[in-house]
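K.L.:
the following comprises the amino acid sequence and a computationally predicted model.
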Amino acid sequence: MVELSDEELCKRIAARDADAFEVMVERHQGRAYRLASSILGNEADARDVSQDAFIRLYESAGRFDGRSRFSTWFYRILVNLCIDHQRKNRWWRRLAPLAGPGGDDPDERAVDPPSNAAGPEAEAMLTQSIRRLRPALAKLSPQQRAAVLLQTQEGFSSREIGEVLKCSENTARVHLHRGIAQLRKLLQND
Amino acid sequence: MAENHPETELIPYLRGELSADERARVGAHLEGCAQCRASADASSAILTSLARVVDEVRDPDWTAYRAELTRKLRARQAGSATLRGRWRSRRADLRLPVFGWPSMALGTAAVAVLAIALMFHRGAGMPPVPGVDQLELQQELGSADVGLLANYHVVEHLDLLENYDVIEHLDELGPGNRPNNATAS
């Protein structure tokens, strides 16, 4: 079961194979949760929304026609749920700003990223940049944020981002360009 | 004329998504445009940082995560099964026990036909509407009856057999003229 492709597992899930669903969840839970967390900026919301995405996957697996990659199809479900969730909670977000990586507890936010071989000074700058990136990300539009994160975290091409966001490849490139330009501007002003 | 900067193609260029022709065109532009080179360098730095943002997300307890997911899925399935069950039972309640929907339609049609037949039947039993001549005759007869009725107080005290003559000439009496024998009795 574990060696089956996503597409094959999806077919089995459509036939209500509980084991196939379990394997699929284990395979994608980390990426789905982390992407939802990056888009939503809240770990509790990321947990709920990513679980909802798996429930939708279970219910609509029969509609996956195999014309696109499974991951593109699944992340479309996930990203749409994230965007819907943010729209519903927009009024609340104005009152409660996006939490840091540690969730609601400010003492737990400072989680150092793993070190690399760039040297302590460059690493410190990078760490500082990452910490400033999160609140800056929260200021992007949901489409820009999703485009930027799908590219940097999932390695999606502009065409695949377009498929997820249901827009053309050129529109996806515009979302990416504007998202990155906005982040640069926000970080410069910070 | 403003220079056309390939702004939206810079990130695809950095990520190697462009075709050979597009890549050559953007590369040539970058060689001669310091502004776009600076933009590409800054974008590249941000993309690198963004890739690290994901490393900061702490994983939850995956066993608990999946257990919660399973509970949610079962609750949802139970909810939709309950809804389906309710709908089926409502449909069953609506269904007639023996004959079903076709017989209900037939019954409705039979009731409608019966109602129409009754309406026609009642229409045939009703007296025909009188013509103008008949109305005039009825009015004349009515006015004659009025004289008889005007002397009703005489008639009500008469012995029909003994006072036949009085009755025969009743119309000759004016209203209120009471025969003596009638008043005496």
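P.N.:
Here it is on my side, so go on. Numbering: from 1, shown residues only, chains lettered A, B, ... in the order given.
K.L.:
could you use CA atoms for every contact and neighbour count after this?
P.N.:
Will do.
K.L.:
which strands and helices sit next to the helix ranked longest in chain A?
P.N.:
With residue count as the measure and DSSP state H as the assignment, chain A has helix A:18-40 as its longest helix. The contact analysis (3 or more CA pairs under 8 Å, 6 or more residues apart in numbering or on different chains; DSSP states H and E) places helix A:18-40 against helix A:6-14, helix A:43-60, helix A:70-88, helix A:142-154.
K.L.:
okay, these, which one's buried deepest?
P.N.:
Here the criterion is mean neighbour count by mean count of other CA atoms under 10 Å in any protein chain shown, and of the helices and strands packed on helix A:18-40 the winner is helix A:142-154, at a mean of 23.
K.L.:
and the helix or strand just after that one with chain B, contact?
P.N.:
Under the assignment DSSP states H and E, the closest C-terminal helix or strand after helix A:142-154 is helix A:158-165. Yes: Helix A:158-165 lies in contact with chain B when judged by CA under 8 Å from any CA of the partner chain; the contacting residues are A:S158.
K.L.:
how far out from the middle of the chain is helix A:158-165?
P.N.:
13 Å (CA atoms, centre = their mean, to the nearest Å).
K.L.:
other SSEs contacting that helix?
P.N.:
Here helix A:158-165 touches helix A:70-88, helix A:142-154, helix A:169-189, going by 3+ CA pairs under 8 Å, 6+ apart.
K.L.:
contacting residues for A:I13?
P.N.:
Taking CA atoms under 8 Å, 6 or more residues apart in numbering or on different chains, we find A:I13 in contact with A:20-21, A:58, A:61-62.
K.L.:
can I get the helices and strands packed on helix A:158-165 in a markdown table with mean pLDDT and distance to chain B?
P.N.:
As requested, the helices and strands packed on helix A:158-165 are exported to a markdown table (pLDDT from 0 to 100; distance: least, CA to the nearest CA, whole Å):
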| stretch | mean pLDDT | distance to chain B |
| --- | --- | --- |
| helix A:70-88 | 91 | 15 |
| helix A:142-154 | 91 | 5 |
| helix A:169-189 | 92 | 5 |
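K.L.:
thinking again about what came up before, filter the contacts of A:I13 to the buried ones?
P.N.:
Members of these that pass the buried threshold by neighbour count (16 or more other CA atoms under 10 Å in any protein chain shown) are listed as A:20-21, A:58, A:61.
K.L.:
what is the nearest of those residues to chain B?
P.N.:
Closest approach between these and chain B, by CA to the nearest CA: A:Y58, at 8.6 Å.
K.L.:
residues touching the closest one, list them.
P.N.:
A:Y58 makes contact with A:13-14, A:16, A:21, according to CA under 8 Å, 6+ apart.
K.L.:
what would the helices and strands packed on helix A:158-165 look like in JSON lines with distance to A:S5?
P.N.:
Formatted as JSON lines, the helices and strands packed on helix A:158-165 follow (distance: least, CA to CA, whole Å):
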{"stretch": "helix A:70-88", "distance to A:S5": "9"}
{"stretch": "helix A:142-154", "distance to A:S5": "18"}
{"stretch": "helix A:169-189", "distance to A:S5": "26"}
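K.L.:
so for B:L118, which of the helices and strands packed on helix A:18-40 sits nearest?
P.N.:
Taking CA to CA as the measure, those were each checked against B:L118, and helix A:43-60 came out nearest at 57.9 Å.
K.L.:
angle of that closest one against helix A:18-40?
P.N.:
In this structure, helix A:43-60 runs at an angle of 140 degrees to helix A:18-40, with axes from the mean of the first three to the mean of the last three CA atoms, to 10 degrees as the basis.
K.L.:
now helix A:43-60: mean pLDDT?
P.N.:
Mean pLDDT, taken over the full extent of helix A:43-60, equals 95.
K.L.:
how far is it from where the chain is centred?
P.N.:
Taking CA atoms, centre = their mean, the mean C-alpha location of helix A:43-60 is offset from the chain mean by 12 Å.
K.L.:
that helix vs helix A:6-14, what angle?
P.N.:
Between the direction of helix A:43-60 and that of helix A:6-14, the angle (the same axes, to 10 degrees) works out to 70 degrees.
K.L.:
sorry, back to before: turn the helices and strands packed on helix A:18-40 into CSV, columns for distance to A:Q188.
P.N.:
Putting these into CSV (distance: least, CA to CA, whole Å) gives the following:
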stretch, distance to A:Q188
helix A:6-14, 42
helix A:43-60, 27
helix A:70-88, 26
helix A:142-154, 18
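K.L.:
nearest to A:C167, of the ones you listed?
P.N.:
So among the helices and strands packed on helix A:18-40, helix A:142-154 is nearest, using CA to CA, at 10.2 Å.
K.L.:
and the closest one, what does it pack against?
P.N.:
Contact here means 3+ CA pairs under 8 Å, 6+ apart; on that basis helix A:142-154 packs against helix A:18-40, helix A:70-88, helix A:158-165, helix A:169-189, helix B:34-53.
K.L.:
format those as a markdown table; extra columns: distance to B:P12.
P.N.:
Converted to a markdown table, the helices and strands packed on helix A:142-154 look like this (distance: least, CA to CA, whole Å):
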| stretch | distance to B:P12 |
| --- | --- |
| helix A:18-40 | 21 |
| helix A:70-88 | 18 |
| helix A:158-165 | 7 |
| helix A:169-189 | 8 |
| helix B:34-53 | 10 |
